[in-house]
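In: need the 3D shape of this:
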Amino acid sequence: MANDNDTHRPPAPEAWHLWLDGAHDPAFNMAADDVLLATAASRGRPLLRVYGWDRLAVSIGYIQRRDAAPAGYAVVRRPTGGGVVYHDYDYTYTVVLPPEHWLAGLDRVTSYDWINRSVQAGLTDLAVSAELAEQVIPHNIDRLSMICFKNPTKFDILVGDRKIAGSAQRRTHDGILHQGSIHFGGPLPYERAAMTQALIRGFASIMAVTMLDYHPADEFFAAVARCRAEKYATDEWNGRR
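Out: Model (predicted):
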């Protein structure tokens, strides 16, 4: 019979793709993640993407109202849920899992636990005293307009009582898209390269993951350009609610 510790052990060491992406406009960033999810099964391996934003922006959750976004920021609607996320000083990453991956066989909350513990381990590597939240968002919070980092939920990452890292998922027949953001409330206290290396070590320590450099092909970028133009750069998508 399995004991409780078995739930905190990965089935086996594995190799993931690592895409060290640059800074892009908001519509490109969401389109890239969308295409990564659509092509997850054909790639076969899980993928970690690290990327930035080329302008002040906010992303709003899939079900949120467009007017939840503040004035003065570029706005894009995410394919995942959650609240308004400010992309000013944050560090953003995406995990994409193919449908046959062992994490895809777990319930949503347990998969959050695994991924966010890996991020927490990376922050601990930077000497950040981070803990995982234990409580879910209260039912009285308006999810159509909430600010992500003001409303921690179970397995979000906290320093004291302040949320510094959150994430949201989308699950389809193509696999899992897990979008995450780390925000310390102001300019990042660490170089982005140092945070990336710490994040890599965090996934290695929690899930026995090794990373293989990944460079998308021209066909991938062509698909992203189409997705950006037809979906994430449109008022129809971003203002749908």
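
In: pLDDT averaged over the helix ranked longest in the chain - what is it?
Out: Criterion DSSP state H: the longest helix present in the chain is helix 108-125. Taken as a whole, helix 108-125 has a mean pLDDT of 95.

In: what is that helix packed up against?
Out: Packing partners of helix 108-125 (3 or more Cβ pairs under 8 Å, 6 or more residues apart in numbering; DSSP states H and E): strand 131-132, strand 157-159, strand 162-172, strand 175-182, helix 192-207. For the C-beta atoms, the positions are set from N, CA and C on the backbone; glycine is no exception.

In: quick one: closest of these to residue 112.
Out: When those are compared by Cβ to Cβ, strand 162-172 sits nearest residue 112, at 6.9 Å.

In: now that closest one: buried residues?
Out: 163-171 (16 or more other Cβ atoms under 10 Å).

In: adding distance to residue 235 and mean pLDDT, write the helices and strands packed on helix 108-125 out as a markdown table.
Out: A markdown table is the format used below for the helices and strands packed on helix 108-125 (distance: least, Cβ to Cβ, whole Å; pLDDT from 0 to 100):
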| stretch | distance to residue 235 | mean pLDDT |
| --- | --- | --- |
| strand 131-132 | 38 | 90 |
| strand 157-159 | 34 | 92 |
| strand 162-172 | 22 | 94 |
| strand 175-182 | 22 | 97 |
| helix 192-207 | 32 | 98 |
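
In: re earlier: of the buried residues of strand 162-172, which is the nearest to residue 35?
Out: For the buried residues of strand 162-172, with residue 35 as the reference and Cβ to Cβ as the criterion, the closest is residue 170, at 13.0 Å.

In: for the closest one, give the beta-bridge partners.
Out: The partner list for residue 170 in beta bridges (DSSP bridges) reads residue 177.

In: rewinding a little: which pair in the buried residues of strand 162-172 spans the largest distance?
Out: Pairwise distances across those (Cβ to Cβ) peak at 25.0 Å, for the pair 164 and 171.

In: show me the shaky parts of this structure.
Out: Applying pLDDT under 70 to the chain flags the ranges 1-8, 135-153.

In: residues contacting the residue most central in space within the chain?
Out: Nearest to the geometric centre of the chain sits residue 179, at 1.8 Å (Cα atoms, centre = their mean). Contacts for residue 179 were tallied using Cβ atoms under 8 Å, 6 or more residues apart in numbering; they are 33, 78, 80, 92, 94, 167-169.

In: same deal with residue 233?
Out: Per Cβ under 8 Å, 6+ apart, neighbours of residue 233: residue 27.

In: distance of it from residue 225?
Out: As judged by Cβ to Cβ, to the nearest Å, residue 233 and residue 225 stand 10 Å apart.
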